[in-house]
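Student: What follows is a predicted structure for the sequence shown.
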Amino acid sequence: MIKQLKIYKKNYEVNNFMKSMIRDITLAPQGHDKINWVKNFMPVLNSLNDEFIKTKPFAGKKMVVTMHLEAKTAYLGLVLKNAGAEVVVTGSNPLSTQDDVAAALVENGVTVYAWYNCTDEEYEVFLNKALDSEPDIIIDDGGDLVSLLHTTRSELAGKILGGSEETTTGVIRLRALENEQRLKFPMIAANDAYCKYLFDNRYGTGQSTWDGIMRTTNLTVVGKTVVVAGYGWCGKGVAMRAKGLGANVIVTEIDPIKAIEAVFDGFNVMPMQEAAKHGDIFVTLTGCSDVITGEHFKVMKNGAMMANAGHFDVEINKVDLNKLAVSTRTVRKNIEEFKMADGRSLYLLGEGRLVNLAAGDGHPTEIMDLSFAIQALSALHIVENHNNMENKVYIMPDEVNMNVAQIKLTAMNIGIDKLTEAQKKYLNQA
Ligand code: NAI
């Protein structure tokens, strides 16, 4: 492993970018094209960029951004740099890093530790390298960076002014630390801002999960039975889009209220043990582990396909799948076939990692405009308010969400009504 790292480092030094660790700097031109494309569709981030270039709110601050490293994330990194920060970016998943985008970021003066398909050991090296920069502010996605800062790198926690977290799973991990009174710095749950989860988790995951599945399989969705595990914000989006694509949709849940919601939204609801017999395509989005296991694989139809869009690759039990398989092989990029003893083939997409990122480009750009505006404003909130913040998990104030939504509406050329003074008075009366 160390040898491998040295090789990459050597390649890298040839390009004279000593600090970063990326796959290949010569890929940068394609990465620049990708970043320039997304800038056209991110009006909220563009307006923050224009403001930050003038005001430099992060001057003198070091920031580490650990996120799925593709073009939208790269643009966020550049906005933070334009705002005066010294920015280090790492990936948050081995299969979601795009090497050309990483190269372009480096050419733009951002330090990057990430390459596509890194091993678990390399992933850890990258996070540690990023932390070596001794950041003041962090932006995390899934909680691995925060976890390091509370374990092996806890000596750095005292310097952190605060940070923000991108996804549901990361927020759950943060709240666990908070409840145990172990959280060492304030964190903003960017995921829990209206302008994030209402759009990103629902419409973003809804579209990009199907994009990942469809471009990977090149098969129809119409007429197939799709099993959606978890009817939270992400699951609602994926089920809604599956219905729109013409699938018969089954939902599995553990929460009785969400289950009723799914029924009222027109979906079949049943336990996974039953759903497993019917599904052609399975998508897990629970944030939980072992949602599909050996007992389910045993009763699945020949040709059943499985994909995960939850944060970690623990929702589809790969240990069970490997145990039951008599042989495995890659049948197409990002599709692994598991041959069962009775002759059935089951297919796993993108190694059971977030399919929309492992086998796609992640959420649509216009959606990430909202999410990353919330991230940039969360960082700003920390710089401006850290002296008054406790070691707690915070949610962005309503006015920040309203402001982001208003900029987006204006960019979409959509007007809305305003309350008259008489209406305000009417609404405020007891
Ligand atoms: P959520 O909390 O709104 O929904 C999760 C749902 O799964 C809940 O309704 C819960 O009752 C259900 N659930 C939990 N365990 C289950 C089980 N064993 N079987 C069936 N249902 C179960 O969370 P959200 O926001 O929908 O996120 C879900 C996951 O997706 C998280 O890991 C999150 O980090 C991740 N995520 C992924 C994105 C992507 O780009 N692929 C984007 C945003 C979030």
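Tutor: Cool, got the structure.
Student: For Ser133, which non-adjacent residue is closest in space?
Tutor: Val88 (4.9 Å; Cβ to Cβ, 6 or more residues apart in numbering). C-beta coordinates here come from the backbone N, C-alpha and C atoms, glycine included.
Student: so which helix or strand takes in that neighbour?
Tutor: Applying DSSP states H and E as the criterion places Val88 in strand 86-90.
Student: on that earlier part again, isn't the residue nearest to Ser133 up against Thr111?
Tutor: Yes: using Cβ atoms under 8 Å, Val88 is in contact with Thr111, at 4.5 Å.
Student: Enumerate the residues of this structure near the ligand.
Tutor: For the chain, the residues in contact with the ligand (Cβ under 6 Å from any ligand atom) are 167-169, 197, 201, 205, 229-235, 252-255, 258, 285-288, 291, 309-311, 354, 356.
Student: and for Val88 and Thr111, which residues touch both?
Tutor: Ala130, Ser133 (Cβ atoms under 8 Å, 6 or more residues apart in numbering).
Student: Between those two, which has more neighbouring residues?
Tutor: Set Val88 next to Thr111 and count neighbours by other Cβ atoms under 10 Å: Val88 wins out with 25 against 22.
Student: so who does that one touch?
Tutor: Lys62, Met63, Val64, Val65, Val110, Thr111, Val112, Tyr113, Ala130, Ser133, Pro135.
Student: Show residues contacting the helix or strand hosting the second one.
Tutor: With secondary structure defined by DSSP H and E, Met63 is part of strand 62-66. Contact with strand 62-66 is made by 73, 76-77, 80, 85-92, 127, 130-131, 133-141, 144-145, 379, as judged by Cβ under 8 Å, 6+ apart.
Student: Among those, name the buried ones.
Tutor: 73, 76-77, 80, 85-92, 127, 130-131, 133, 135-141, 144-145, 379 (16 or more other Cβ atoms under 10 Å).
Student: Next step: these restricted to helices.
Tutor: Thr73, Leu76, Gly77, Leu80, Leu127, Ala130, Leu131, Asp144, Leu145, Ala379 (DSSP state H).
Student: Tell me which residue of the chain lies closest to the ligand.
Tutor: Gly232 (1.6 Å; Cβ to the nearest ligand atom).
Student: Distance of that residue relative to Met402?
Tutor: 24 Å (Cβ to Cβ, to the nearest Å).
Student: Neighbour count for those two, which is higher?
Tutor: Neighbour totals were compared for Gly232 and Met402, and Gly232 leads with 19 against 12 (other Cβ under 10 Å).
Student: ok, so what distance separates the more buried one from Asn385?
Tutor: For Gly232 relative to Asn385 (Cβ to Cβ), the value is 30 Å.
Student: do the same with Ser20
Tutor: In terms of Cβ to Cβ, Ser20 sits 32 Å off from Asn385.
Student: Those two: which is more packed in?
Tutor: A count of neighbours by other Cβ under 10 Å puts Ser20 above the other of Ser20 and Asn385, at 22 against 14.
Student: Backbone torsions only: list them for the more buried one.
Tutor: As for Ser20, its main-chain torsions (degrees, to the nearest 10) stand at phi -80, psi 160.
Student: who touches it in this structure?
Tutor: Tyr12, Val106, Thr111, Val112, Tyr113.
Student: can you check Ala341 too?
Tutor: Leu324, Val326.
Student: One more pass at 7 Å, please.
Tutor: Val326 (Cβ atoms under 7 Å, 6 or more residues apart in numbering).
Student: likewise Leu321?
Tutor: Phe297, Phe338, Leu348 are the contacts of Leu321 under Cβ under 7 Å, 6+ apart.
Student: Please report which of the residues you listed has the highest neighbour count.
Tutor: Neighbour max across the contacts of Leu321 (other Cβ under 10 Å) = Leu348, 27 neighbours.
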